[in-house]
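Visitor: Quick one, fold the following:
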Amino acid sequence: SSNGDVYVFGGALADRSYTNEMWKFKPAIAGASDQFWRWRHVVNASKIAASSTAVISVKIDSAAAIAAGRMRADCADVRVVTSAGADVPHFVEPVGAPSGCGSSSTLIWAKVTADSAGVAVVDVVYGNTEATAASNPSTVFTLFEDFESAAAGAGGAPAGWSLDTNASKACGVAAPDATAFTVSDDVALSGSKSLKVSGATKTGGGFVKSVSGLGNAFVLKAYLRDSGCTGSFWISPDFTTCDQSGGGGGGDDDGKAVLPSTARAVGVHSCATPTHYAATYPWEASTARRDGGWHSLSFYSGGVGGNT
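Guide: Next comes the predicted model:
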């Protein structure tokens, strides 16, 4: 039929008699809110602590699915469900992100529950043109910050964040200035806002947010829109202070002399490596060249006894 239902009229029974019954079949993924999701990928996640929850990432080629007409262009029809059809909290990385909706390597994050053997089986389903978005990062992650709670144009530290004056001064920012940071609606990936840093005219500094409940295994990820400016912009899961290591004679060389003592960081450090994104310790060029637009910066911890 036009709505995708399949009808079977009549037929023969096991005793070779005939029936005039009519059977109606709905080609939908079971339990996905009783609507039609025509495509499915089965995902098996293992090595999870028995009967516990974990956040996993699933990579799909949404670009091909969208081009073939199997998925909505905004990925609003993507769902993650259990084999019984129960909805699983999930987040589809947004359109415009390097691994966002519309890319060949779209990441879907889901909060799954493992069985007693430490295995979780879920279905990623899509193909419902009438679906509305159910992607919700706040139900998946311990922390998700999109700065939506702050008013556009609001300067200084957003709620829950603070300017780390001591670390900022130790790392070469003599007079850290929270007004360098502004919640802006100029560009955004998730929602309508982002945190804008005016490093060309102000000194900036380090913003810190305390997060509990991460445990030994975590992923720290941030989206950075690179405007090609000079300066230093990075994220870190354990940034504390900086040490001077040679140089220090004044001028531009000071930037190369300031190195973190124990922290790991990744981002832009144009003084050390202007053409590539950098990682520390010490500041070294990565294989990724700098270019304009949105980029993602990620840390993956090594779990118990491991390193970031």
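Visitor: Would you confirm that Val43 contacts Val124?
Guide: Yes - shown here, Val43 and Val124 form a contact pair, counting by C-beta atoms under 8 Å, at 6.1 Å. All C-beta atoms are positioned from the backbone trio N, CA, C, and that covers glycine.
Visitor: Pull the contacting residues for Ala154.
Guide: Under the criterion of C-beta atoms under 8 Å, 6 or more residues apart in numbering, the neighbours of Ala154 are 182-183.
Visitor: Tell me how far stretch 197-205 lies from the chain's centre.
Guide: Here stretch 197-205 is found 26 Å from its chain centre; the criterion is C-alpha atoms, centre = their mean, to the nearest Å.
Visitor: List the buried residues for that stretch?
Guide: Along stretch 197-205, the positions that meet the burial threshold by neighbour count (16 or more other C-beta atoms under 10 Å) are 197-199, 202-205.
Visitor: Let me have these in TSV, extended by secondary structure.
Guide: Converted to TSV, the buried residues of stretch 197-205 look like this (DSSP: H, G, I helix; E, B strand; the rest coil):
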residue	secondary structure
Val197	strand
Ser198	coil
Gly199	coil
Lys202	coil
Thr203	coil
Gly204	coil
Gly205	coil
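Visitor: returning to that earlier point: okay, and the common contacts of Val43 and Val124?
Guide: Applying C-beta under 8 Å, 6+ apart, one finds that Val43 and Val124 are jointly contacted by Val58.
Visitor: Using the three-state scheme, assign Ala222.
Guide: Secondary structure of Ala222, reduced to three states by three-state DSSP: strand.
Visitor: Just grab the bridge partners of it for me.
Guide: When bridges are taken as DSSP bridges, the partners of Ala222 come out as Leu297.
Visitor: got the contact list for Tyr298?
Guide: One correction, residue 298 is Ser, not Tyr. For Ser298, the contacting residues are 219-222, 266, taking C-beta under 8 Å, 6+ apart as the criterion.
Visitor: Kindly indicate which of those lies nearest Met71.
Guide: Using C-beta to C-beta, Lys221 is the member of those that sits closest to Met71, with 23.2 Å.
Visitor: Could you report the separation of the closest residue to that closest one other than its chain neighbours from Ala288?
Guide: Counting by C-beta to C-beta, 6 or more residues apart in numbering, Lys221 lies nearest to Ser298, which is 4.5 Å off, once chain neighbours are set aside. Using C-beta to C-beta, to the nearest Å, we find Ser298 at a distance of 12 Å from Ala288.
Visitor: who has more neighbours, Val43 and Val124?
Guide: Regarding Val43 and Val124, a neighbour count based on other C-beta atoms under 10 Å identifies Val124 as having more, with 22 against 18.
Visitor: distance of that one from Leu13?
Guide: Looking at Val124 against Leu13, where the rule is C-beta to C-beta, the gap reads 39 Å.
Visitor: can you check Ala272 too?
Guide: Separation of Ala272 from Leu13 (C-beta to C-beta) stands at 79 Å.
Visitor: So which of those two has more stuff around it?
Guide: The residue with more neighbours, out of Ala272 and Leu13 and counting by other C-beta under 10 Å, is Ala272; that gives 18 against 9.
Visitor: Looking at the closest residue in space to that one that isn't next to it in sequence now. What's its pLDDT?
Guide: Computed as C-beta to C-beta, 6+ apart, the closest residue to Ala272 that is not its neighbour in sequence is Trp283, at 3.9 Å. Each residue has a pLDDT score; the one for Trp283 is 79.
Visitor: Trp283 and His269: what is the separation?
Guide: From Trp283 across to His269, the span is 5 Å (C-beta to C-beta).
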